[in-house]
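Engineer: model the following, please.
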Amino acid sequence: MTAAPAFEGPPGWCVGQAFGVWQIAATQPEREAVLAADGLIWTFGFLAARANRLSHLLRTMGVEVGDAVAVLLHNEPDALAMALATSQIGAYLVPMNWHLTAHELAFLIGNSRAKVLLAGQESAEAAQVAADAAGLPDSQRLVAGGRVRPRYVDLDGAAASQPDTLPNDRCAGGLMFYSSGTTGRPKGVRKALFPGSPEAMQAKALPLYAGMFGLRPVTPDSVDTHLIVTPMYHAAPCTRALQMLHLGHRIVLMDKWQPEQMLAAIERLRVGSVQMVPIMFHRLLKLPDEVRARYRLDSLHTVIHAAAPCPVEAKRRMIDWWGPILHEYYAATEGGGTVVDSVQWLRRPGTVGRPYSFSTVRILDDQGVVLPAGEVGLVYMRDGFEFEYFDDPAKTAAAKRDGFFTAGDHGYFDVEGHLFLCDRRTDMILSGGVNIYPAEIESVLMAHPYVADAAAFGLADEEWGQRVQAVVQPQPGAPQADALFESLRAWCAEHLAGFKRPRDFALAKLPRNDAGKIGRGALRERFLAGTLEPTDGP
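Structural biologist: Okay, here's the model as predicted:
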């Protein structure tokens with residue numbers, strides 16, 4: 001049994017007397033910690049021992065405080081074990097998107113100055129090309145999955161040779177996520193390391209971040225399950241999974257999200273909490289009524305969502321279906337933010353909430369003047385945790401003003417301090433001198449029964465400056481294009497003012513990323529170039 005670090009957890013945040021993964025592992029080593037997509041179960045005892053072995057291994061490979069470890073894994077247990085390993089030796093974990101090309105991965109490895117790379121079997125070939133391009137030696141490349149590969153060190157074999165004891169001089173590490181790079185090269189968001197142990201860091205973080213959603217530790221004789229449905233190379237699912245582990249919750253990993261499979265997993269595994277993105281709500285709501293009614297979901301107590309705008313009607317229907325258990329927040333990888341629960345949201349549909357208890361949010365005009373309630377401007381935030389875009393002081397300075405940063409979103413406060421988001425300046429459509437917000441149009445289109453997904457953007461127009469173009473991905477069984485477009489025009493005429501209605505419609509598969517986001521600028525370029533993927537029907 002792994003020894004427990006000496007630390008007294010804050011009252012109300014312990015599993016019995018145990019605080020955090022390593023103390024839970026010492027007191028309840030057989031408690032289930034992780035259930036993988038392939039059915040593999042890791043206990044807290046095994047997970048803590050694995051993390052300790054990886055910590056020792058990383059140190060033998062030269063990883064020191066402040067160094068980066070790049071990880072290219074699907075949603076699998078070793079992604080969590082490596083995150084825990086770096087979190088106790090003062091290193092930065094750099095999760096990488098497995099959809100990226102070798103060229104893009106090489107940039108992340110090089111830009112982060114990763115000392116070690118860990119790749120999964122599915123991504124090992126691309127990772128090898130990327131590591132070569134970044135100049136990372138073969139001796140600094142680990143491969144997971146139990147299959148030995150040339151030019152890699154086998155993770156299982158190397159870890160087995162290390163002790164499972166706690167490493168000496170434990171100090172908190174960090175997570176370094178890269179932006180999506182829709183406006184140029186991805187930016188590495190790097191925050192200063194916490195000056196203390198990983199337990200001390202969690203003692204500060206858990207009451208703030210888990211507490212605002214009402215999440216609490218399990219009791220020693222109970223089980224609560226958190227379901228991971230989006231890739232852990234994104235900040236939200238990765239950080240939430242680690243938080244829930246420190247609270248003693250079981251983590252269930254889905255490697256590929258499917259709406260009915262998720263419902264089945266919630267019923268079968270008695271899932272209590274899950275973090276989602278709004279497009280998932282839309283696709284769940286498109287399931288036939290008999291399918292949605294088939295599954296028992298009464299174990300769910302907390303559903304968290306963020307990352308993209310949520311159409312008002314979709315969220316209202318989800319609350320009607322699942323109950324007032326939805327929690328929405330607005331933030332960025334750099335920090336946050338605002339939060340709203342279902343009861344508050346129903347009083348002010350469309351809001352993304354009020355500032356966290358530890359954050360400040362303000363709306364500024366182009367000259368940096370704070371705007372009053374009701375006026376739209378750029379949203380700036382500060383939560384007390386400073387960051388930099390790694391190795392790019394110019395971009396860091398450009399994103400900040402007087403200690404606040406912006407993610408580029410526009411919004412406004414109502415008179416009671418609730419934030420409402422509009423769209424990014426680059427996404428707004430200016431037609432006849434009037435600002436049109438694509439998210440509003442998309443929300444209306446996605447409420448149409450034949451629409452699986454939708455996006456709107458502006459195209460040049462000689463008379464009006466810009467006109468609204470909509471791209472729609474139809475539901476299976478939708479009518480043929482002409483009939484569908486006629487139905488959509490009638491729908492928009494009922495729900496949108498005339499100047500907001502799309503002038504034209506097109507059919508295509510919409511390229512959302514795993515965070516549920518669409519880059520409208522890139523979508524517009526592909527539309528104009530005629531390179532959007534066609535739909536299978538109608």
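
Engineer: show the contacting residues for L142.
Structural biologist: The neighbourhood of L142, defined by Cβ atoms under 8 Å, 6 or more residues apart in numbering, consists of 116-119, 152-155, 158. (Each C-beta comes from the backbone N, C-alpha and C, glycine too.)

Engineer: which strand or helix spans it?
Structural biologist: strand 141-143 (DSSP states H and E).

Engineer: list the strands paired with the helix or strand immediately after that strand in the chain, with their directions.
Structural biologist: Towards the C-terminus, the helix or strand next in line after strand 141-143, according to DSSP H and E, is strand 153-154. Partners of strand 153-154 in the sheet, by DSSP bridges, are strand 141-143 (parallel).

Engineer: my guess is E533 contacts L507. True?
Structural biologist: No. Here E533 does not reach L507: they are 10.4 Å apart, not a contact under Cβ atoms under 8 Å.

Engineer: what is the mean pLDDT for stretch 472-491?
Structural biologist: Averaging pLDDT along stretch 472-491 gives 94.

Engineer: distance between that stretch and the chain's centre?
Structural biologist: 31 Å (Cα atoms, centre = their mean, to the nearest Å).

Engineer: same question for stretch 339-351.
Structural biologist: 21 Å.

Engineer: CA atoms only: put that stretch into CSV for me.
Structural biologist: Written as CSV, here are the backbone C-alpha positions of stretch 339-351 (Å, rounded to 0.1, in the frame of the first residue of the first chain):
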residue,chain,number,x,y,z
VAL,A,339,-21.4,30.9,-13.4
VAL,A,340,-25.1,30.3,-13.3
ASP,A,341,-27.3,27.4,-12.0
SER,A,342,-30.6,26.3,-13.5
VAL,A,343,-32.8,28.2,-11.2
GLN,A,344,-31.0,31.5,-11.8
TRP,A,345,-30.9,30.8,-15.5
LEU,A,346,-34.6,30.2,-15.8
ARG,A,347,-35.2,33.6,-14.3
ARG,A,348,-32.9,35.2,-17.0
PRO,A,349,-32.8,32.8,-19.9
GLY,A,350,-29.6,33.2,-22.0
THR,A,351,-27.4,34.6,-19.2
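
Engineer: contact partners of it?
Structural biologist: By Cβ under 8 Å, 6+ apart, the list of residues contacting stretch 339-351 reads 212-213, 312, 315-316, 319, 323-330, 352-354, 356, 414, 418-420.

Engineer: out of the residues you listed, which are inside helices?
Structural biologist: Within the contacts of stretch 339-351, residues falling in helices by DSSP state H are 312, 315-316, 319.

Engineer: let's see if you can find the most crowded of those residues.
Structural biologist: Each of the ones in helices among the contacts of stretch 339-351 was scored for neighbours by other Cβ atoms under 10 Å, and K315 scores highest at 21 neighbours.

Engineer: what's the spacing between that one and A293?
Structural biologist: 20 Å (Cβ to Cβ, to the nearest Å).

Engineer: ok, now A332?
Structural biologist: 37 Å.

Engineer: follow-up on the earlier one: most neighbours among the contacts of L142, which one is it?
Structural biologist: The most crowded member of the contacts of L142, judged by other Cβ under 10 Å, is A119 (28 neighbours).

Engineer: before we move on, the earlier item: tell me the one of the contacts of L142 nearest K500?
Structural biologist: Closest approach to K500 among the contacts of L142 (Cβ to Cβ): A119, at 46.8 Å.

Engineer: who's that closest one bridged to?
Structural biologist: With DSSP bridges as the rule, A119 is bridged to L72, V143.

Engineer: residues in contact with stretch 419-439?
Structural biologist: By Cβ under 8 Å, 6+ apart, the list of residues contacting stretch 419-439 reads 309, 330, 338, 350-355, 361, 376, 378-379, 408-414, 455-458, 461, 464-468, 499-500, 520-521.

Engineer: hmm, try it at 6 Å
Structural biologist: 309, 338, 350-352, 376, 408-413, 456, 458, 464-466, 468, 499-500, 520 (Cβ atoms under 6 Å, 6 or more residues apart in numbering).

Engineer: stretch 192-204 too?
Structural biologist: Applying Cβ under 6 Å, 6+ apart, the external contacts of stretch 192-204 come out as 5, 7, 10, 20, 87-88, 90, 170, 172, 174, 246.

Engineer: and with 7 Å instead?
Structural biologist: 5, 7, 9-10, 19-20, 87-88, 90, 170-174, 246, 386 (Cβ atoms under 7 Å, 6 or more residues apart in numbering).

Engineer: inside strands: which ones of the residues you listed?
Structural biologist: If you go by DSSP state E, the contacts of stretch 192-204 have G174 in strands.

Engineer: now, among the contacts of stretch 192-204, which is nearest to R147?
Structural biologist: S87 (27.0 Å).

Engineer: surely that closest one is in contact with R170?
Structural biologist: No. The pair S87 and R170 does not pass the contact test of Cβ atoms under 7 Å, sitting 9.3 Å apart.

Engineer: more neighbours: these two, which one.
Structural biologist: S87 (27 against 18).
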